[in-house]
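**Q** Sequence and predicted model, in that order:
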Amino acid sequence: MAEPSTTPVPATDTGHTLRGSIGIAGIVFLVVAAAAPLTAIGGALPVMFAISNGPGVPLAYVVVAIVLLLFSVGYATMSHHVVDAGAFYAYVTRGLGPATGLGAAGLALLTYTAIQAGIYGLAATTLQGLITHYGGPSLPWWVLAGVLLLVVAPLGYRSINLGARVLGVMLVLEMSVLAVLAVTILVKGGPEGYSAGSFSPAGFFHGAPGIAIMFAVASFIGFEATAIYGEEARSPRRTIPAATYIAVLLIGVFYAVCSWAMVIAYGPSKVEAAAGGDTAGLVFSAAARYLGTAYADIMNILLLTSLFAALLAFHNAIARYLYALGRQGAGPEALARTHRKHGSPHIGSLTQSASAAVILAVFVLAGTDPVLNLFTWMSGLATVSILALMVLTGVAIIVFFARNRVDTRRWHTRVAPALGLAGIVGVTVLVLVNFTTLISGSVALASILLALVVLFFAAGLVVARFTRASRARGLS
């Protein structure tokens with residue numbers, strides 16, 4: 001069998017292709033910003049303490065990081081042979097064929113569109129709270145969501161280098177305030193002293209560890225986006241693997257240390273009750289107690305910038321998926337056009353901004369709550385969708401290296417990918433079993449959201465069939 005091409009498919013419009021010169025640090029900024037560390041620690045972590053395994057939460061982050069590292073071995077190895085803005089879509093296409101690849105593209109668009117829409121709801125509510133806290137008027141959340149969209153849109157329209165710089169500054173700030181808080185707590189200690197029980201099997205299996213794993217996976221959404229920027233990276237065959245490993249390790253270690261610090265701050269025997277009594281303010285109350293109320297106020301402000309950074313990161317990811325689909329003929333040809341000056345997928349960016357506005361309008365007209373409904377439902381939907389996409393990608397990686405003898409390293413092409421796939425399948429089962437809890441909804445709502453995952457995958461298969469039929473007519 002012939003060796004597969006390792007070069008990206010050329011654009012089909014005026015000859016323009018994606019341009020950029022981001023290095024390892026820039027891609028890590030883009031990816032970790034999507035994970036929104038301050039949002040994960042300030043928002044999701046207290047919920048995990050309250051309803052999962054309490055003081056055993058830190059080990060859940062470690063377990064998920066190990067699974068994702070194993071998955072990343074094959075993912076990063078395949079990036080040597082497939083450099084394409086379609087990332088998961090491109091990988092599944094090369095491993096399992098164009099039809100399944102377009103099904104994967106449907107899942108990718110669903111994942112990033114859903115999580116970004118949910119973050120708009122949470123970010124607008126956060127901004128609303130900050131404005132009223134400092135004496136401003138109480139503006140409707142949807143007005144503030146519109147303002148955020150109008151700021152994200154031009155940044156996503158321009159060169160990826162600009163977006164990477166903006167995200168880099170925001171990411172350094174939010175991770176710095178969390179790091180200072182964690183170090184302060186670890187130095188001063190807590191009411192029950194220090195305990196390594198959070199990293200013991202007994203601590204992990206306390207309560208409901210499956211729910212902890214489920215929330216931990218949701219906190220990593222966006223790590224896989226490294227390959228999306230391959231065509232805009234310097235030396236992508238070196239940059240993408242390094243950025244992938246660094247991003248997973250950075251997120252995993254950072255979350256584990258910060259969550260352990262929170263356990264120490266409140267005490268292993270009291271952290272569950274504290275989180276249940278003050279879920280929204282748990283981390284910020286600890287910041288006020290250890291570093292003062294002014295520091296807690298700064299963290300609240302940086303929570304907004306954390307959410308904004310995630311919005312921009314997911315905007316960039318969606319625009320590049322749309323670009324890849326347009327280039328392959330699975331979407332309108334205009335999506336494959338790149339800006340003459342910025343080298344960005346500007347049509348895809350404009351399309352993404354418009355689709356985000358439409359989704360927000362639907363939730364506004366339905367009178368739903370921006371956090372309890374928009375954010376919770378969409379983040380739960382994105383979690384299931386990304387896991388389904390990762391299962392497909394894991395299978396595609398194994399099949400690709402089995403069919404194409406382009407790399408003979410067993411660990412990189414067989415063993416690690418198989419272990420990573422097994423771990424992802426296990427996590428997917430846990431999420432499906434606990435999905436109603438994840439979305440804080442009913443069985444009926446859970447069924448509707450899961451049906452959307454199936455529908456978007458099926459839509460990709462239908463598009464593939466019509467695309468093949470159209471090409472056949474064109475050749476006849």
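**A** Sure, I can see it. Numbering: from 1, shown residues only.

**Q** Now do stretch 281-293: distance to the chain's middle.
**A** 27 Å (Cα atoms, centre = their mean, to the nearest Å).

**Q** wait, stretch 206-226
**A** With Cα atoms, centre = their mean as the basis, stretch 206-226 stands 11 Å off its chain's centre.

**Q** Point out where the stretch 301-450 of the chain drops to low pLDDT.
**A** Scanning the stretch 301-450 of the chain for pLDDT under 70 picks out 342.

**Q** can you give me the strands in it?
**A** Remark: strands of the stretch 301-450 of the chain are absent; assignment by DSSP state E, counting those that start in this stretch.

**Q** now could you export just the CA positions of stretch 293-304 as CSV?
**A** Backbone C-alpha positions of stretch 293-304 (Å, rounded to 0.1, in the frame of the first residue of the first chain) are rendered in CSV as follows:
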residue,chain,number,x,y,z
THR,A,293,-11.0,40.3,50.0
ALA,A,294,-9.2,42.4,47.4
TYR,A,295,-7.5,39.3,46.0
ALA,A,296,-10.9,37.6,45.8
ASP,A,297,-12.3,40.5,43.9
ILE,A,298,-9.4,40.3,41.4
MET,A,299,-10.1,36.6,40.9
ASN,A,300,-13.7,37.4,40.2
ILE,A,301,-12.6,39.8,37.5
LEU,A,302,-10.2,37.3,36.0
LEU,A,303,-12.9,34.8,35.9
LEU,A,304,-14.5,36.9,33.2
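
**Q** Contacts for that stretch next, please.
**A** The contact list for stretch 293-304 (Cβ atoms under 8 Å, 6 or more residues apart in numbering) reads 38-39, 42-43, 123, 126-127, 129-130, 133, 173-174, 177, 181, 283-285, 287-288. No exception for glycine: its C-beta is placed from N, CA and C like everyone else's.

**Q** Any of the residues you listed buried? List them.
**A** Restricting the contacts of stretch 293-304 to buried positions leaves 38-39, 42-43, 123, 126-127, 129-130, 173-174, 177, 181, 283-285, 287-288, with burial counted as 16 or more other Cβ atoms under 10 Å.

**Q** Skipping adjacent residues, who's closest to residue 383 in space?
**A** Nearest non-adjacent residue to residue 383, counting by Cβ to Cβ, 6 or more residues apart in numbering: residue 218, 4.6 Å away.

**Q** The one you found: what's it in contact with?
**A** 44, 379-380, 382-383, 438.

**Q** which SSE is it in?
**A** Following DSSP states H and E, one finds residue 218 within helix 209-219.

**Q** For stretch 175-184, what is the distance to the chain centroid?
**A** Distance of stretch 175-184 from the chain centroid (Cα atoms, centre = their mean) equals 22 Å.

**Q** contact partners of it?
**A** Under the contact criterion Cβ under 8 Å, 6+ apart, stretch 175-184 has outside partners 32, 37-38, 41, 254, 257-258, 261, 283, 286-287, 290-291, 295, 298-299, 302.

**Q** check which helix or strand covers residue 30.
**A** Counting by DSSP H and E, the element that carries residue 30 is helix 24-35.

**Q** which helices and strands does that helix pack with?
**A** Using 3 or more Cβ pairs under 8 Å, 6 or more residues apart in numbering; DSSP states H and E, the elements in contact with helix 24-35 are helix 160-188, helix 236-266, helix 293-327.

**Q** mean confidence for the next helix or strand after it?
**A** Moving toward the C-terminus from helix 24-35, the next helix or strand (DSSP H and E) is helix 37-39. If you average the pLDDT over helix 37-39, you get 90.

**Q** coming back round to it: and the furthest pair within the contacts of residue 218?
**A** Across those, no pair lies farther apart than 44 and 382, at 13.1 Å, counting by Cβ to Cβ.

**Q** Tell me which of those two has more neighbours.
**A** Taking other Cβ atoms under 10 Å, residue 44 and residue 382 do not tie; residue 382 has more neighbours (26 against 17).

**Q** Quick check: pLDDT value at the spatially closest residue to residue 145 that is not a sequence neighbour.
**A** Sequence neighbours aside, residue 124 is the residue nearest to residue 145 in space, at 3.9 Å (criterion: Cβ to Cβ, 6+ apart). At residue 124, the model reports a pLDDT of 94.

**Q** right, and the helix or strand after the helix or strand where residue 124 lies?
**A** Following DSSP H and E, one finds residue 124 within helix 98-133. Downstream of helix 98-133, the first helix or strand assigned by DSSP H and E is helix 141-157.

**Q** That next one vs helix 160-188, what angle?
**A** Relative orientation of helix 141-157 and helix 160-188, computed by axes from the mean of the first three to the mean of the last three Cα atoms, to 10 degrees: 120 degrees.

**Q** tilt between helix 141-157 and helix 293-327?
**A** Here the directions of helix 141-157 and helix 293-327 differ by 60 degrees (the same axes, to 10 degrees).

**Q** And the average pLDDT for helix 141-157 is what?
**A** Across helix 141-157, the average pLDDT comes to 91.

**Q** what's it in contact with?
**A** Defining contact as Cβ under 8 Å, 6+ apart, one finds that helix 141-157 is touched by 120-121, 123-125, 127-128, 131, 162-163, 166, 308, 311-312, 315-316, 319, 339, 342, 344, 346, 349-350, 352-353, 356-357, 360, 364, 370.

**Q** out of those, which are buried?
**A** Buried among those by 16+ other Cβ under 10 Å: 120-121, 123-125, 127-128, 162-163, 166, 308, 311-312, 315-316, 319, 339, 342, 344, 346, 349-350, 352-353, 356-357, 360, 364, 370.

**Q** so what's the backbone phi/psi at residue 191?
**A** Main-chain torsions, residue 191, degrees, to the nearest 10: phi -60, psi -20.

**Q** That one touches residue 270, doesn't it?
**A** Yes - the pair residue 191 / residue 270 is scored as a contact, 7.4 Å apart, by Cβ atoms under 8 Å.
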